[in-house]
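1. with the input below, show me the fold.
(chains A and B, ligands or ions: 2)
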Amino acid sequence: MNRHWTIGLLLLAGAALSWAIPRYELLNPYLQATLMYLGINIILATSLNLINGYLGEFSVGHAGFMAVGAYASAILTVMLLPVGAAAWRFPLAIMAGGCAAALTGLVVAIPAFRTRGDYLAIVTLAFAMIVKSALENINAVGGPRGLLGIEGLSTMPWIFAWTVLSVWVIRNFVYSNPGRGVLAIREDEVAAELMGVNTRRVKIRAFMIASFFAGVAGGLFAHLLQFISPRIFDITKTTDILVMVYLGGVGSIGGSIVGASMFTVLQECLRPLGVWRMVIMPLLLVLLMLFRPRGIMGLRDFPWFRPSVECPQRPPETHPS
Amino acid sequence: MKPWFQANNVGHHFGGLSAISGFNLELRSGELVGLIGPNGAGKTTVFNLITGVYRAAEGSIRFQGRELTGLTPWIISGLGIARTFQNIRIFKQLSVLDNVRIAHYRRTHYSLAEALLHLGRYRREERRLTRAAMEILRLLHLESYADETADSLPYGLQRRLEIGRALATGASLLLLDEPAAGMNPSEVGQLMEFIGWIRGQFNLTILLIEHQMRLVTGICERVLVLDFGVTIAEGRPNEIQNNPQVLEAYLGQAEDGGQMTDDGRQT
Ligand SMILES: Nc1ncnc2c1ncn2[C@@H]1O[C@H](COP(=O)(O)OP(=O)(O)OP(=O)(O)O)[C@@H](O)[C@H]1O
Ligand SMILES: [Mg+2]
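-> Ligands and ions are numbered 1, 2, ... in the order given. Below you'll find the predicted structure:
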């Protein structure tokens, strides 16, 4: 109970801050923007970790799903949903972005998980390239020039709320039996199947959940930057997310939060280097995978992440009198 | 009445190699049957065919009136057949408790949405299956390791955990692939007792592959001997031991005068 109160209070404080910071300009606009990108990065890293960490497959298509979510939600707010103050307009657009990405995820997952074995990297690589060139050729969404004039609807409270929600849902998933099925597949696919896990379905599900949150992050991103173009969502973006995951730790939600945070800070520090950043991030990824393949918190998580029903109830220790 | 379990004329080959052919086996509910034979005889292949890891090229396998050939392993698991592996295949980096909880996968009664939001039946079900898993661990004396990662257990306990995981699926037919591999004589003695005990406790029918004849003669009621994929003998353990064909099959392999003990093999 105690722990629940602490977490509840911290979340409340976070929500209050996310409202107060922009309202009273407690931080300068640059830091505010950095914090908001941090939230989006946390969603991206946690969701990719579901595939590359928990499931143990290797996806390089996360930026592609982000693009699907970004474009879907931006099309909604720019073209379809009437401009108005209706409060549901933005969350609806983000949800739609997530759903569009999840459906795309389904289309990618069905062939990718057709047989046992590792096709996911190739399939997602192809997918990312297809998304990019498709978007470049659709003039209605600006083609290679991108989509301009997106409203800045991603405010700090919204990003905070979506980040908490995403992390919470993914954490809930991995601490449930359907989620343990994902872990079992990583450990031993044949043994998992012999324990009753419908491996193909579990993989597809996990992939759709991860895609959904990539889409959510894309939607938030589009309405924060207020401009999207196919180039933003290329393999460099995926590399960034991979760095966050492998830096923080595979198979760890806490790790993804740590990784996303470190990455966001690192990225800001490296900004003066300009294009050289494009060399440093992939290099960092290679070094990580070689020397610290599990990352900082690999396969471990903050103990307070664990739901209380998950813990075994032991009879109280009997003390000899 | 139809037999409880029946394999009929089952055959399977890998490329040109016939791993098993004309295999017949009937099991009555509650039996404890041994499957023996020299290395490469096709014993593990039989397990893989029963559990759906491979699909039998020929013949039929029926369990409680249902045809198993063509079913996926996870469906077969749901019908009540569980197994262990010759080389332990527990979920190494997961906790001991999670290893057993996963075995409840098909009997977890909450939806994906309830799992994602931790709502509705999630709490009650999660508590129930955690309690059930802890109960299994308690029966197997693994309770105090619940939160340890499975690969941190000593070898013997890993074997026991793998059996526990199989039991937790709620299986009625248990297939044990060389459960005594790598054990010393006193551990083998304990294992024999343990197998007899779980059989009664969980109402099991057990089919067991083993090289250590002491275990086979000690607990099996009936033994099937395979050699090069063919059943060369079948009968009570003491009949088998003196069967010339069986002695010859083992002689071709072991040098210690046909003694059907082969415990130094697993390293
Ligand atoms: N996946 C496979 N691909 C090709 N050949 C295989 C495969 N699995 C088994 N075999 C071959 O089939 C034959 C039977 O193998 P199996 O594993 O069933 O033997 P076994 O009786 O369990 O032997 P052991 O006592 O060594 O475990 C062997 O010759 C083996 O090499
Ligand atoms: Mg074998």
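2. remind me, longest helix of chain B?
-> Ranked by residue count and defined by DSSP state H, the top helix of chain B is helix B:121-139.
3. helices or strands up against that helix?
-> If you count contacts as 3 or more C-beta pairs under 8 Å, 6 or more residues apart in numbering or on different chains; DSSP states H and E, helix B:121-139 packs onto helix B:96-102, helix B:112-117, helix B:155-168. (C-beta placed from N, C-alpha, C; glycine too.)
4. Throw those helices into JSON lines and include distance to chain A and mean pLDDT, thanks.
-> Converted to JSON lines, these look like this (distance: least, C-beta to the nearest C-beta, whole Å; pLDDT from 0 to 100):
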{"stretch": "helix B:96-102", "distance to chain A": "5", "mean pLDDT": "96"}
{"stretch": "helix B:112-117", "distance to chain A": "4", "mean pLDDT": "89"}
{"stretch": "helix B:155-168", "distance to chain A": "7", "mean pLDDT": "94"}
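5. what is the mean pLDDT for the longest helix of chain B?
-> Across helix B:121-139, pLDDT averages out at 92.
6. follow-up on the earlier one: ok, which of the helices and strands packed on helix B:121-139 comes nearest ligand 1?
-> helix B:155-168 (15.6 Å; C-beta to the nearest ligand atom).
7. stretch B:200-212: how far from the chain's middle?
-> Distance, stretch centre to chain centre, for stretch B:200-212: 7 Å (C-alpha atoms, centre = their mean, to the nearest Å).
8. how about stretch A:70-80?
-> 20 Å.
9. quick one: end-to-end distance for it.
-> In terms of C-alpha to C-alpha, to the nearest Å, the two terminal residues of stretch A:70-80 are separated by 15 Å.
10. check stretch A:304-311 too.
-> End-to-end distance (C-alpha to C-alpha), stretch A:304-311: 11 Å.
11. which other residues reach that stretch?
-> A:3, A:7, A:171-172, A:175, A:253-254, B:118, B:122-123, B:126-127, B:130 (C-beta atoms under 8 Å, 6 or more residues apart in numbering or on different chains).
12. need the buried ones from those residues selected in ChimeraX.
-> Here is the ChimeraX command that selects only those of the contacts of stretch A:304-311 that count as buried (16 or more other C-beta atoms under 10 Å in any protein chain shown):
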select /A:171,172,175,253,254 /B:118,122,126,130
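13. widest-spaced pair of the contacts of stretch A:304-311?
-> Greatest spatial distance in the contacts of stretch A:304-311: A:254 and B:127, 24.3 Å, computed using C-beta to C-beta.
14. please save the CA atoms from the longest helix of chain B in CSV.
-> Extracted as CSV, the C-alpha positions of helix B:121-139 are listed here (Å, rounded to 0.1, in the frame of the first residue of the first chain):
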residue,chain,number,x,y,z
ARG,B,121,-10.0,-10.8,-13.7
TYR,B,122,-6.3,-10.0,-13.9
ARG,B,123,-5.7,-9.6,-10.2
ARG,B,124,-7.7,-12.6,-9.1
GLU,B,125,-6.3,-14.8,-11.8
GLU,B,126,-2.7,-13.7,-11.2
ARG,B,127,-3.0,-14.4,-7.5
ARG,B,128,-4.5,-17.8,-8.2
LEU,B,129,-1.8,-18.9,-10.6
THR,B,130,0.9,-17.5,-8.5
ARG,B,131,-0.4,-19.5,-5.6
ALA,B,132,-0.7,-22.6,-7.7
ALA,B,133,2.8,-22.2,-9.0
MET,B,134,4.1,-21.7,-5.5
GLU,B,135,2.3,-24.8,-4.4
ILE,B,136,4.1,-26.8,-7.1
LEU,B,137,7.4,-25.3,-6.0
ARG,B,138,6.6,-26.2,-2.4
LEU,B,139,5.9,-29.8,-3.3
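15. how far off centre is that helix?
-> So, by C-alpha atoms, centre = their mean, the centroid of helix B:121-139 is 23 Å from its chain's centroid.
16. please apply the same query to stretch A:13-28.
-> On C-alpha atoms, centre = their mean, the centre of stretch A:13-28 falls 23 Å from the chain's centre.
17. what bridges to the residue nearest to residue B:83 when sequence neighbours are not counted?
-> Nearest residue to residue B:83, sequence neighbours excluded (C-beta to C-beta, 6 or more residues apart in numbering or on different chains): residue B:175, at 3.9 Å. Beta-bridge pairing of residue B:175 under DSSP bridges involves residue B:83, residue B:207.
18. now for residue B:175: which residues touch it?
-> With contacts defined as C-beta under 8 Å, 6+ apart, residue B:175 is in contact with B:47, B:50-51, B:81-84, B:206-209.
19. what do you get if the cut-off is 6 Å, keeping everything else the same?
-> By C-beta atoms under 6 Å, 6 or more residues apart in numbering or on different chains, residue B:175 lies in contact with B:47, B:83, B:207.
20. what's the answer for residue A:191, then?
-> Neighbours of residue A:191 in contact, by C-beta under 6 Å, 6+ apart: residue B:89.
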